[in-house]
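# Give me coordinates for this.
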Amino acid sequence: MKLTRFWNGARWGLVATVAMSVLMLGGMASGLSPIPKPIPAAIVGQLLGPDVAKPLLMGLAIISHLGFGGFFGGLFTLATDKMTVWKGIGLGVALWLFMQIAVLPFLGWGVFGTGITPKIAIATLVLHLVYGASYGALMSRGGEN
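Numbering: from 1, shown residues only. Next comes the predicted model:
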């Protein structure tokens with residue numbers, strides 16, 4: 001039962017990550033986003049170095065981002081009995097805070113992106129709210145509660 005619940009949460013976490021990623025890439029393509037490069041690609045680039053081939057970089061970035069969103073979606077289902085949109089939003093905010101405090105400084109962008117622009121914090125909050133709300137809505141309607 002718990003394993004089934006985990007995989008169901010992981011599936012909806014993956015779908016929510018796709019929704020968030022489409023919004024992120026659309027914002028970047030339109031020039032509206034203050035994010036200098038897709039954060040998953042920046043993380044992989046930081047880990048593998050500047051000489052990594054772009055197809056490998058982007059492939060690993062996509063796989064890791066989808067895997068991260070799916071994993072935490074599955075893990076969160078094990079931590080809560082009944083999923084709601086608000087609980088999903090709470091997950092999104094928790095993941096956003098982790099990114100602001102740990103990931104962005106690791107990239108050299110500063111806490112809350114202040115090494116580049118504080119607008120990064122707002123843009124990424126919107127993205128994580130989309131993830132959380134999508135995940136919570138999908139789990140509460142189509143998931144096992």
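
# any idea which helix is longest in this structure?
If you go by DSSP state H, the chain has its longest helix at helix 2-30.

# right, and residue 18 touches residue 66 too?
Yes. Residue 18 lies in contact with residue 66 (C-beta atoms under 8 Å); the separation is 7.3 Å. Glycine gets a C-beta too; all of them are placed from N, C-alpha and C.

# Show me what the longest helix of the chain is packed against.
Packing partners of helix 2-30 (3 or more C-beta pairs under 8 Å, 6 or more residues apart in numbering; DSSP states H and E): helix 54-79, helix 119-142.

# Counting neighbours, which bits of the last one end up buried?
What that stands for is helix 119-142. 120-121, 123-140 (16 or more other C-beta atoms under 10 Å).

# for stretch 54-73, same thing?
Buried, per 16+ other C-beta under 10 Å, within stretch 54-73: 57-58, 60-62, 65-66, 68-73.

# Arrange those residues in a markdown table, one row each, with distance to residue 85 as further columns.
Formatted as a markdown table, those follow (distance: C-beta to C-beta, whole Å):
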| residue | distance to residue 85 |
| --- | --- |
| 57 | 34 |
| 58 | 32 |
| 60 | 31 |
| 61 | 28 |
| 62 | 26 |
| 65 | 22 |
| 66 | 22 |
| 68 | 21 |
| 69 | 17 |
| 70 | 19 |
| 71 | 20 |
| 72 | 16 |
| 73 | 14 |
